[in-house]
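Engineer: Let's see this in three dimensions:
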Amino acid sequence: MKQINCRVKFPLRPSQEGGENQVQPAVKSILMVLEKIDRMIIGNFGLEMDYKCILEEMGAEELVYTIRVQPRWPGQMPLYPWPDPSALEQWMNQVRKDFFSAINTPSLQENSASLTRRWNTRALEEGLTEIFTYIPLQEERVSLLLSQLREVLTAFGSVVNLI
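Structural biologist: Numbering: from 1, shown residues only. Below you'll find the model as predicted:
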């Protein structure tokens with residue numbers, strides 16, 4: 001089982017309207033959408049996540065969550081040796097960053113189509129498709145997750161940075 005860490009920086013300052021009580025549910029909502037995004041990414045490689053969402057508070061504005069990645073079926077082996085863990089981690093982080101960038105543009109449909117093409121191409125270029133059984137990302141699923149992420153961030157009323 002491989003471990004991947006993700007650092008997410010939240011502006012954990014409460015909005016003026018809701019105060020402290022709105023911060024925690026908003027952060028949890030964002031993490032739920034991130035979990036769906038991560039599950040989609042990992043699932044396309046025939047892998048699964050042990051996502052108990054181990055959260056550690058880092059200072060006042062930063063959360064770290066850790067996911068463990070393993071083959072989906074017992075005894076399943078990658079086609080080749082595992083890549084340098086940083087390759088999969090970098091690819092996942094790029095997909096997450098693309099999601100956050102895409103929600104700031106007017107057309108989620110256009111974005112989901114171009115993002116899906118780019119990610120599938122990049123997975124090929126990075127050689128990740130040679131190591132794992134790769135199932136191309138589906139535009140409809142990407143579009144749904146983009147709109148969920150936009151909705152959650154709009155409710156949060158602030159910017160979230162992946163670091």
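
Engineer: what's the strand or helix carrying Ile42 packed up against?
Structural biologist: Applying DSSP states H and E as the criterion places Ile42 in helix 23-43. Helix 23-43 sits against strand 2-9, strand 47-58, strand 62-71, helix 85-102, helix 139-156, with contacts defined as 3 or more CB pairs under 8 Å, 6 or more residues apart in numbering; DSSP states H and E. For the C-beta atoms, the positions are set from N, CA and C on the backbone; glycine is no exception.

Engineer: hey, least reliable of the ones you listed by pLDDT?
Structural biologist: Lowest mean pLDDT of the helices and strands packed on helix 23-43: strand 47-58, a mean of 53.

Engineer: Mind listing what's buried along stretch 115-128?
Structural biologist: Under the neighbour-count criterion of 16 or more other CB atoms under 10 Å, stretch 115-128 has Leu115, Thr116, Trp119, Asn120, Ala123, Glu126, Leu128 buried.

Engineer: tell me the average confidence for it?
Structural biologist: On average, stretch 115-128 scores 80.

Engineer: burial measure for the nearest residue to Arg141 once chain neighbours are set aside, as a count.
Structural biologist: Leaving aside its chain neighbours, Arg141 sits nearest to Met40 (6.0 Å; criterion: CB to CB, 6 or more residues apart in numbering). Met40: 16 surrounding residues under other CB atoms under 10 Å.

Engineer: contacting residues for Trp119?
Structural biologist: Going by CB atoms under 8 Å, 6 or more residues apart in numbering, Trp119 touches Val95, Asp98, Leu137.

Engineer: next one: Arg118
Structural biologist: Asp98.

Engineer: where does it fall, phi/psi-wise?
Structural biologist: Backbone torsions for Arg118, taken as degrees, to the nearest 10, come to phi -60, psi -40.

Engineer: Tell me the spacing between it and Ile42.
Structural biologist: Here the criterion is CB to CB, to the nearest Å. By it, Arg118 lies 18 Å from Ile42.

Engineer: And Leu149, by the same measure?
Structural biologist: According to CB to CB, Leu149 stands 17 Å off from Ile42.

Engineer: Return the angle between stretch directions for the helix holding Ile42 and helix 139-156.
Structural biologist: Comparing the axes of helix 23-43 and helix 139-156 via axes from the mean of the first three to the mean of the last three CA atoms, to 10 degrees yields an angle of 160 degrees.

Engineer: Report the angle between helix 23-43 and helix 85-102.
Structural biologist: Angle of helix 23-43 versus helix 85-102, following the same axes, to 10 degrees, is 120 degrees.

Engineer: Cool, thanks, signing off.
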